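**Student:** missing the sequence, but the structure's below:
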């Protein structure tokens, strides 16, 4: 289906209503993935943030915001030292990276780690760890606001990097109460079809009988 003829059906409209900012068009994802070597869910998050519309002009503007955001915030491993320098030069700096946390019991303190930036011992408030418990289980991709304070010394070592804010791109908590609540807005068949679409299948295609849909769910 071309962009110009794209229309939301009733299931799309319901999903967009109960999951604002989380419903994205896969054709836009394919368009962006060819230009950026970024995990798909990172692009999906930004598309949901800037392109949650069927208006072509709004989508064009949103895609430009997505490109600019990825170009300015996504940390490429070969640019990590330049990004560290930029954080030092600015009072705060926003990046997109995978952040994880570990508790160092000998310090009685939580420390953050950024994967692409290859940076350990980042100061992070304990309240962020309680809010986003998956930080302790391998970490999550997120938009992260960092701050640099060269006056901070911990146990005789300079630890100048601080996490000021985390806006998760992936599910950052095991609390799924919201999903359980909005599930009630869908019939069983609608929920099954929504899960199908989330995996990239079109449930209205004649090939996908009820049996085949359930088989895909099991897989």
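**Tutor:** Looks like it came in fine. None of the values given here were measured: they were computed from a predicted structure.
**Student:** in the helix or strand bottoming out on mean pLDDT in the chain, what counts as buried?
**Tutor:** The helix or strand of the chain with the lowest confidence, counting by mean pLDDT, DSSP states H and E, is helix 26-33 at a mean of 78. Neighbour-count burial for helix 26-33 flags 28-29, 32 (criterion: 16 or more other CB atoms under 10 Å). Every C-beta, even on glycine, is put in place using the N, C-alpha and C of the backbone.
**Student:** Could you dump the residues you listed into TSV and include distance to residue 127?
**Tutor:** Formatted as TSV, the buried residues of helix 26-33 follow (distance: CB to CB, whole Å):
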residue	distance to residue 127
28	35
29	33
32	33
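**Student:** Phi first, then psi, for residue 158.
**Tutor:** The phi/psi pair for residue 158 (degrees, to the nearest 10) reads phi -70, psi 120.
**Student:** hmm, who's touching the longest strand along the chain?
**Tutor:** In terms of residue count, the longest strand belonging to the chain (DSSP state E) is strand 92-104. Here strand 92-104 makes contact (CB atoms under 8 Å, 6 or more residues apart in numbering) with 42, 69-70, 73-75, 83, 86-87, 109-117, 124, 129, 135-136, 138-148, 163-164, 166, 169.
**Student:** Just the buried residues from the residues you listed, in ChimeraX please.
**Tutor:** To isolate the buried subset of the contacts of strand 92-104 in ChimeraX, counting by 16+ other CB under 10 Å, use the following:
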select :42,69,70,73,74,75,83,87,109,110,111,112,113,114,116,117,124,129,135,139,140,141,142,143,144,146,147,148,163,164,166,169
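**Student:** Among the contacts of strand 92-104, which lie within strands?
**Tutor:** Short answer: the contacts of strand 92-104 in strands (DSSP E) are 109-114, 140-148, 163-164, 166.
**Student:** which ones are touching the residue most central in space within the chain?
**Tutor:** Centroid-nearest residue in the chain, with CA atoms, centre = their mean: residue 169, separated by 1.7 Å. Taking CB under 8 Å, 6+ apart, we find residue 169 in contact with 41-42, 45, 96, 140-143.
**Student:** Quick one: end-to-end distance for stretch 135-155.
**Tutor:** Using CA to CA, to the nearest Å, the end-to-end distance of stretch 135-155 comes to 24 Å.
**Student:** And residue 207, how far from residue 198?
**Tutor:** As judged by CB to CB, to the nearest Å, residue 207 and residue 198 stand 18 Å apart.
**Student:** likewise residue 85?
**Tutor:** 40 Å.
**Student:** ok, now residue 184?
**Tutor:** The spacing between residue 184 and residue 198, counted by CB to CB, is 18 Å.
**Student:** for residue 180, same thing?
**Tutor:** From residue 180 to residue 198 the distance is 17 Å (CB to CB).
**Student:** between the two, which one's more packed in?
**Tutor:** Each of residue 180 and residue 198 has its neighbours counted (other CB atoms under 10 Å); residue 198 has more, 12 against 9.
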